[in-house]
Each structure stands twice: as structure tokens, then as C-alpha cells.
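Undergrad: fold the following for me, if possible:
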Amino acid sequence: MVKNIWIINQYASLPSTGIGGRHRDLARELTKLGHNVTLVSSRWTHLMADSDVASAAPEQEMFEGFRFIRLPSRQYAHAHDKRRIVNWFTFAWQVGRLEKRVGEKPDVLVYSSPSLVGYLGARWLAMRTGAKLIFEVRDIWPLTFQEVGGFSKRHPFIRFLQWIENYAYRTADHAVSNLQGAGEHMKERGLPVDRFTWIPNGFSLQEVRDAEPLPASITERIPSKGFSICYAGTMGAANALESLIEAARFLKGEPGIYFVLVGRGRSKASLEARANELELTNIIFLDAVPKNQVQSVLAQCDACFIGWKRSSLYDHGIAANKLFDYLYSGKPILHAYSGQFDPVAEYGAGITVPAEDAQAIAKAAKELRDMDEEARLLMGRNGHQAAMEKHEYAVLAHKYDALVKQLLSDHT
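TA: Numbers count the residues shown, from 1 in each chain. Okay, the predicted model is just below:
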């Protein structure tokens with residue numbers, strides 16, 4: 001049953017302009033299952049790796065068997081630039097008339113958050129074309145703005161976003177989330193009980209198998225002796241890396257434990273400044289590497305680290321892409337997390353300690369270093385096995401395929 005599936009994600013990209021990610025991988029795998037897939041994105045977002053390439057890229061192109069469409073948008077400086085909000089409304093307007101631009105109609109629309117405004121355009125498009133509409137939630141807005149950003153629920157724009165979220169749950173034919181516990185939140189906001197499916201984030205086996213070697217400028221700075229714990233990803237407020245710096249301070253006199261931080265982000269400069277202020281020699285900051293070199297970084301380290309803020313937001317679960325890179329790597333994971341649905345604990349893939357607890361992080365780092373090597377290898381094997389069985393995008397695409405068939409079967 002070949003169907004036209006349109007995946008709409010304002011922040012989607014191809015490797016030429018960004019990192020690709022969830023929807024590039026799902027689009028490719030759904031195409032392999034026989035569907036005609038179109039992935040729709042904004043031409044420019046703050047996540048673009050190269051704005052010049054993004055500006056020059058064609059409006060439409062075929063990639064890995066699916067069609068990729070870039071809708072016009074204006075550039076803005078960063079994620080917190082108010083001009084980003086203007087793009088939300090522009091994108092929604094264009095999505096609502098997308099079938100005129102494309103010259104055909106979809107059978108199924110997948111509108112993916114975090115931006116909620118675009119859902120209004122997707123809903124209008126679904127109503128006009130008769131397509132089934134799946135609302136995919138990858139970050140629970142506006143709750144994230146309140147829990148992490150500190151915005152009041154009484155703020156006028158937060159109220160507006162809350163209205164859209166509630167409206168989406170009432171009107172979508174189905175809701176999907178990469179957050180395991182999001183269903184309860186959705187039901188409280190109006191989603192019928194039988195309209196939720198959890199489809200987690202994952203990784204591309206092709207991408208991790210084709211890992212490229214690191215340049216010498218990176219390799220030479222990763223300690224070849226001792227016990228190295230790697231963080232690879234964005235360095236932002238939500239990643240709570242301040243606690244990792246403080247953990248390094250507690251371990252200042254402990255020989256042989258190093259923290260290697262690889263990436264970029266708004267918090268990186270302040271983290272480096274704090275490490276310099278404390279005169280820490282056991283923490284190393286490296287530039288971001290391309291996605292296809294992440295596994296090469298992890299291979300040179302002994303364990304991985306991921307941390308979170310202490311927030312009730314995470315009672316719905318987590319879905320950071322770096323987590324699945326970590327699981328696949330076969331390295332034990334030090335997880336600073338106080339929410340629900342902890343995959344590291346569930347899979348036996350490492351040690352979980354309370355979020356933002358620097359002393360607990362330091363203690364767990366020593367525990368990982370001192371434990372029997374076979375115990376660390378077992379944690380790594382557990383994580384790798386879980387990644388292959390539950391988080392490879394070829395596996396996850398079958399879940400979406402089954403949902404599409406279910407919705408269209410109900411329709412007929």
C-alpha cells in the first residue's frame with residue numbers, strides 16, 4: 001500500500017546543511033518500505049551548519065529516495081532571537097497551502113514539534129486535502145518554556161501556545177512522541193486515550209558504521225592514559241554541564257580521571273571560564289566534530305556522560321540524540337538524571353545519579369574507573385544491544401508504517 005507521506009518539521013535538514021537527524025532517517029526508511037515520502041523544512045534555521053549552503057540549496061531535491069522541500073524563510077541570529085517567532089508564522093502560512101506548491105495531495109501528514117504555530121497550517125492543509133494528521137511531539141511546548149526557561153504560564157504568548165497545544169491534541173487523528181511518558185500529559189490536555197503511540201528517537205546504523213577517523217588535532221588532545229569520560233553534544237542550559245565542572249573540581253586531586261567535552265553551544269564559553277578559574281587540568285574542551293566522527297570520539301574514551309536539569313518536565317521521559325550514540329558505542333554511561341523512564345537504568349547500560357549533583361557525579365566517575373573491566377564491558381554490551389533492537393531507525397520506521405496503515409484502514 002504505497003501512500004504519500006508528508007513529514008513537516010521546520011527544523012529538518014540534510015547533511016549538506018545540518019545534521020540530518022530523525023526525520024531524514026525516517027524518511028529514508030519509510031521510502032524503503034515503499035512509500036512516497038516528502039520531508040518539508042524551512043530553508044533557514046539557527047540549526048543550519050552553513051547558512052551560505054542553505055541559501056543556495058534548491059527549493060526541492062531528491063535525497064536517499066525521498067523528496068526534500070525547503071520553504072522560504074528569513075535568517076535570524078540565534079535560538080533566542082525574536083525574529084525566530086516571525087518564521088514560525090511564515091512557515092505555518094506556507095504549510096497551509098503546500099499542496100499548491102507541490103502539485104499533489106498527501107494521504108498522511110506528520111507535523112512535528114517543537115514549534116507549535118506550524119500545526120495550525122498543517123491542520124488547515126489536512127482539512128483541505130482530506131489527509132490524516134499525526135501530531136508528533138518531540139519537546140513539550142509550552143511546558144519546556146515554563147520549566148526550563150522560567151516563563152510564567154500567564155504570559156500572553158505562553159497562553160497562546162497552550163491553546164495551540166490543547167487544540168492539536170483535540171483535533172489530530174493521532175499523536176506520537178519520542179518521550180515515553182508524554183501520553184499522560186496529552187490525555188490531560190484533551191487527547192483521546194487510544195490516540196497515542198510512543199516512537200522513540202534512535203540512530204542510523206549506516207551512519208555509525210561509516211564513522212570517519214578523527215583529525216590529529218582532536219586525537220592528540222584526548223588522553224591516551226587514565227580513564228576518560230566523554231560528553232559529546234550541545235553545551236546549553238538544559239545540559240546542566242555546570243555540575244560536571246564541579247565534579248571535576250571534586251576530583252582535582254584524583255589521578256587518572258578526565259572529562260572530555262566535545263561540542264559547541266551558548267554555555268561553552270562560561271563553562272571554559274569556570275574551569276580556568278578553578279585551574280582544572282582534568283577537563284578538556286574540544287571543538288564540535290561532524291556527526292560521522294562522533295563514534296570515533298567515543299571509541300577513544302572509556303565512558304560517556306549525559307546530564308539534565310532537575311525538573312518535573314523530565315517525568316515524561318527523555319530523547320536526546322546523543323544518548324543513542326552513546327548506547328551504540330558500547331561504552332558505559334554516567335547519567336545524571338532525576339526524571340522518569342530512564343533508559344540507562346532500564347537497559348543496565350551504566351550508572352544513574354541524581355541530576356545536578358556534582359558530588360554524586362564525581363563518586364560515580366570513580367566507581368566506573370575502579371570497577372572490574374568485565375562489569376564495564378557488560379554495561380556497554382547491554383546498551384549496544386538495546387540500541388540495535390529498539391532504536392535503529394529501520395526498526396522505528398516499521399512502527400510509523402504500522403501506524404499509517406492503521407489510520408488509513410480506519411479511514412476506509
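
Undergrad: show me the domain layout of the chain.
TA: 4-202+392-411, 208-390 (automatic domain parsing).

Undergrad: got CSV for the ones you listed, with mean pLDDT and mean neighbour count too?
TA: All C-beta spots, glycine's among them, are computed from the backbone N, C-alpha and C. Formatted as CSV, the domains of the chain follow (pLDDT from 0 to 100; neighbours: other Cβ atoms under 10 Å):
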stretch, mean pLDDT, mean neighbour count
domain 4-202+392-411, 92, 18
domain 208-390, 96, 19
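
Undergrad: where do the strands of this protein begin and end?
TA: Taking DSSP state E as the criterion, the chain contains strands spanning 4-8, 36-42, 60-63, 66-71, 108-112, 132-137, 174-177, 196-198, 227-232, 257-262, 283-286, 303-307, 333-336, 350-353.

Undergrad: tell me the phi and psi of the residue of the chain most remote from its centre?
TA: Computed with Cα atoms, centre = their mean, the residue of the chain farthest from its C-alpha average is Gly253, at 35.5 Å. Taking degrees, to the nearest 10, you get phi -100, psi 10 for the backbone angles of Gly253.

Undergrad: for Gly265, same thing?
TA: phi 150, psi 170.

Undergrad: got a list of what it touches?
TA: 234-236, 239 (Cβ atoms under 8 Å, 6 or more residues apart in numbering).

Undergrad: that one: what's its closest spatial neighbour, skipping adjacent residues?
TA: Met235 (3.4 Å; Cβ to Cβ, 6 or more residues apart in numbering).

Undergrad: these two touch, right, the one you found and Ala269?
TA: No: Met235 is beyond contact range of Ala269, at 9.1 Å (criterion: Cβ atoms under 8 Å).

Undergrad: show me where the stretch 251-400 of the chain has its helices.
TA: In the stretch 251-400 of the chain, the segments counted as helices under DSSP state H, counting those that start in this stretch are 268-277, 294-299, 321-329, 343-347, 358-370, 373-390, 393-411.

Undergrad: quick one, which of the ones you listed gets closest to Val37.
TA: Taking Cβ to Cβ, helix 393-411 is the member of these nearest to Val37, at 9.9 Å.

Undergrad: need the nearest residue in space to Ala336, chain neighbours excluded.
TA: Here the residue nearest Ala336, using Cβ to Cβ, 6+ apart, is Gly307, at 3.8 Å.

Undergrad: same check, this time on Ala232
TA: Spatially, and ignoring its direct neighbours in sequence, Ala232 is nearest to Val262 (4.5 Å; Cβ to Cβ, 6+ apart).

Undergrad: circling back to that earlier point, residue contacts, the residue farthest from the centre of the chain?
TA: So Gly253 contacts nothing (Cβ under 8 Å, 6+ apart).

Undergrad: same thing but 10 Å
TA: Asn282 (Cβ atoms under 10 Å, 6 or more residues apart in numbering).

Undergrad: same thing with the one 3 residues further on?
TA: Counting by Cβ under 10 Å, 6+ apart, Gly256 touches 223, 225-228, 282, 366, 369.

Undergrad: same thing with Tyr111?
TA: 6-10, 40, 92, 95, 118-123, 125-126, 133-137, 168, 172.

Undergrad: turn the helices of the stretch 251-400 of the chain into JSON lines, including distance to Lys82.
TA: JSON lines is the format used below for the helices of the stretch 251-400 of the chain (distance: least, Cβ to Cβ, whole Å):
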{"stretch": "helix 268-277", "distance to Lys82": "22"}
{"stretch": "helix 294-299", "distance to Lys82": "32"}
{"stretch": "helix 321-329", "distance to Lys82": "27"}
{"stretch": "helix 343-347", "distance to Lys82": "35"}
{"stretch": "helix 358-370", "distance to Lys82": "35"}
{"stretch": "helix 373-390", "distance to Lys82": "39"}
{"stretch": "helix 393-411", "distance to Lys82": "34"}
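
Undergrad: of all these, which one is nearest Phe63?
TA: helix 393-411 (15.0 Å).

Undergrad: what packs against that closest one?
TA: strand 4-8, helix 22-32, strand 108-112, strand 132-137, strand 174-177, strand 196-198, helix 205-209, helix 373-390 (3 or more Cβ pairs under 10 Å, 6 or more residues apart in numbering; DSSP states H and E).

Undergrad: quick one: which of those is nearest Gln293?
TA: Closest of those to Gln293 is helix 205-209, at 10.7 Å (criterion: Cβ to Cβ).

Undergrad: what are the phi and psi values at the residue nearest to Gly265?
TA: phi -110, psi 90.

Undergrad: just to revisit the earlier point, what touches both of Met235 and Ala269?
TA: Shared contacts of Met235 and Ala269, defined by Cβ under 10 Å, 6+ apart, are found at Phe285.

Undergrad: residues contacting the closest residue to Thr90 other than its chain neighbours?
TA: Spatial nearest neighbour of Thr90, chain neighbours left out: Ser73 (6.2 Å); criterion: Cβ to Cβ, 6+ apart. The neighbourhood of Ser73, defined by Cβ under 10 Å, 6+ apart, consists of 10, 41-45, 54, 83-84, 86-88, 90-91, 94.

Undergrad: thank you, goodbye.
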